[in-house]
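[1] sequence unknown, structure follows:
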């Protein structure tokens with residue numbers, strides 16, 4: 001978090017004319033879209049103006065009830081609203097859809113003829129997470145359709161240079177928009193930022209549309225990433241350092257930067273191991289079986305959600321694993337696969353060693 005704060009404090013004193021748009025700016029814009037601006041938006045508004053309205057709507061007590069990520073992004077917004085680089089950036093076409101899909105997007109005009117289109121990643125809703133899994137057997141999913149409609153609708157004739165980006169599922173939506181936008185819009189796209197977002201099924205991956213965005217696509221992933229390696233993905237992923245461990249590295253506020261660049265890192269063995277396991281699972285199931293598997297899992301989650309939600313954080317993992325073990329709709333191998341992945345994602349190597357040492361003592 002301190003790295004993004006330092007970036008805003010230092011680079012916030014330069015205009016985009018003095019210091020060009022960069023990959024860290026991309027992250028900041030891809031995070032702001034996560035915040036709830038419903039009821040605050042005009043047709044056109046600056047970051048400074050939206051910040052004032054936002055903090056009038058959400059006082060300190062309300063912000064204290066936000067998720068950890070929302071609190072961090074709220075802090076970044078407050079800082080950006082005071083800086084030369086960001087405060088006069090104009091925001092357009094804010095949208096949130098929560099029925100039948102989880103989709104959010106907004107556009108940032110940071111120079112007269114330059115636009116950054118930001119797609120929201122997965123929020124805490126079940127429909128949002130279910131859509132992530134649906135990409136393993138279905139294309140396009142609803143939010144992917146919306147991403148294409150959005151870029152085609154909001155791009156203006158005066159937009160000469162377009163950047164597209166998003167975090168997590170938002171990164172996938174940015175790639176999808178870049179692949180299937182109108183031809184005249186594609187020509188204006190300079191870069192597509194996939195910030196630790198998943199890839200595509202083999203049909204899209206082998207398509208001409210995918211091949212056509214490769215010279216514009218930048219995929220950024222932390223050292224322990226698994227999300228960026230889901231399904232078929234770009235080969236030359238930029239690996240960066242994070243101050244967090246395991247799945248918590250998916251949070252971009254933990255990514256380390258040096259000035260306008262992220263610190264180069266090295267992919268971990270845990271990340272490679274998880275990719276191998278998940279790829280093996282994907283290759284063993286056709287689309288129909290994947291759909292049945294995902295449907296079973298999310299029916300299970302939906303019926304057990306209240307039980308998991310009311311459990312203390314320290315025992316949520318064991319509670320969820322026990323629920324999976326109890327279901328009769330999954331075979332033994334499917335249960336073992338899910339439990340193995342969950343443990344690998346949410347328990348760090350250090351925690352695993354500690355638990356093993358405790359068992360050995362007993």
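    It's in. Just so it is clear, the structure is predicted and the values come from calculations on it, not from any experiment.

[2] where do the domain boundaries of this structure fall?
    Residue ranges of the domains in the chain are recorded as 2-268, 285-361, according to automatic domain parsing.

[3] mean pLDDT for the ones you listed: which is lowest?
    Per-stretch mean pLDDT for the domains of the chain is lowest at domain 285-361 (a mean of 63).

[4] any idea where the strands of the stretch 151-300 of the chain begin and end?
    Secondary structure of the stretch 151-300 of the chain (DSSP state E, counting those that start in this stretch): strands located at 161-167, 189-195, 217-222, 238-240, 257-258, 261-262.

[5] for residue 8, which non-adjacent residue is spatially closest?
    Spatial nearest neighbour of residue 8, excluding adjacent residues (Cβ to Cβ, 6 or more residues apart in numbering): residue 79 at 4.8 Å. Glycine gets a C-beta too; all of them are placed from N, C-alpha and C.

[6] count the neighbours of the one you found for me.
    One way to gauge burial is a neighbour count; for residue 79, by other Cβ atoms under 10 Å, it gives 17.

[7] is it fair to say it lies in a helix?
    Yes. Counting by DSSP: H, G, I helix; E, B strand; the rest coil, residue 79 is located in a helix.

[8] list the contacts for residue 195?
    When the contact criterion is Cβ atoms under 8 Å, 6 or more residues apart in numbering, the partners of residue 195 are 26-27, 30, 165-168, 170-171, 220, 252.

[9] can you show me the helices along the stretch 101-250 of the chain?
    For the stretch 101-250 of the chain, helices defined by DSSP state H, counting those that start in this stretch occupy the ranges 126-134, 142-154, 169-180, 183-186, 202-205, 208-212.

[10] pick the most buried one from the strands of the stretch 151-300 of the chain.
    Comparing those by mean neighbour count (mean count of other Cβ atoms under 10 Å), strand 161-167 ranks first with a mean of 27.

[11] next, the angle from that one to strand 217-222.
    Computed with axes from the mean of the first three to the mean of the last three Cα atoms, to 10 degrees, the direction of strand 161-167 lies at 30 degrees from that of strand 217-222.

[12] can you list the strands that strand 161-167 pairs with?
    Each strand paired with strand 161-167, and its direction, by DSSP bridges: strand 114-119 (parallel), strand 189-195 (parallel).

[13] chain center to that strand: distance?
    On the basis of Cα atoms, centre = their mean, to the nearest Å, strand 161-167 is displaced by 13 Å from the centre of the chain it belongs to.

[14] what of stretch 145-155?
    A distance of 18 Å separates the C-alpha centroid of stretch 145-155 from that of its chain, computed with Cα atoms, centre = their mean.

[15] do stretch 66-80 as well
    Mean-position distance between stretch 66-80 and its chain equals 16 Å (Cα atoms, centre = their mean).

[16] same check on stretch 246-260?
    12 Å.

[17] what comes up buried for that stretch?
    246-257, 260 (16 or more other Cβ atoms under 10 Å).

[18] residue 93: which of those residues is nearest?
    Using Cβ to Cβ, the shortest approach to residue 93 within those belongs to residue 252, at 22.6 Å.

[19] that closest one and residue 165 touch, don't they?
    No. Here residue 252 lies out of contact with residue 165, judged by Cβ atoms under 8 Å, at a distance of 11.0 Å.

[20] name the residues contacting each of those two.
    30, 195.

[21] so what pairs up with residue 167 in the strands?
    When assigned by DSSP bridges, residue 167 has beta-bridge partners residue 195.

[22] scratch that, residue 217 is what I was asking about
    Under the criterion used (DSSP bridges), residue 217 bridges to residue 192.

[23] in TSV: the strands of the stretch 151-300 of the chain, plus distance to residue 56.
    As requested, the strands of the stretch 151-300 of the chain are exported to TSV (distance: least, Cβ to Cβ, whole Å):
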stretch	distance to residue 56
strand 161-167	27
strand 189-195	30
strand 217-222	34
strand 238-240	36
strand 257-258	31
strand 261-262	34
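
[24] how much space separates residue 63 from residue 38?
    The spacing between residue 63 and residue 38, counted by Cβ to Cβ, to the nearest Å, is 16 Å.

[25] closest one to residue 67 among the strands of the stretch 151-300 of the chain?
    strand 161-167 (14.2 Å).

[26] neighbouring contacts of the closest one?
    Under the criterion Cβ under 8 Å, 6+ apart, external residues in contact with strand 161-167 comprise 21, 26-27, 29-31, 33-34, 113-121, 151, 155, 171-174, 177-178, 185, 188-197, 252.

[27] one more time with 7 Å
    The contact list for strand 161-167, computed with Cβ atoms under 7 Å, 6 or more residues apart in numbering, reads 21, 26, 29-31, 113-121, 155, 173-174, 177-178, 188-193, 195-197, 252.

[28] give me the ChimeraX select line for the residues you listed, limited to the buried ones.
    Here is the ChimeraX selection string for the buried members of these, based on 16+ other Cβ under 10 Å:
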select :21,26,29,30,31,114,115,116,117,118,119,120,121,155,173,174,177,178,188,189,191,192,193,195,196,197,252
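
[29] quick revisit: of all the strands paired with strand 161-167, which lies closest to residue 231?
    For residue 231, the closest of those is strand 189-195, at 12.2 Å, according to Cβ to Cβ.
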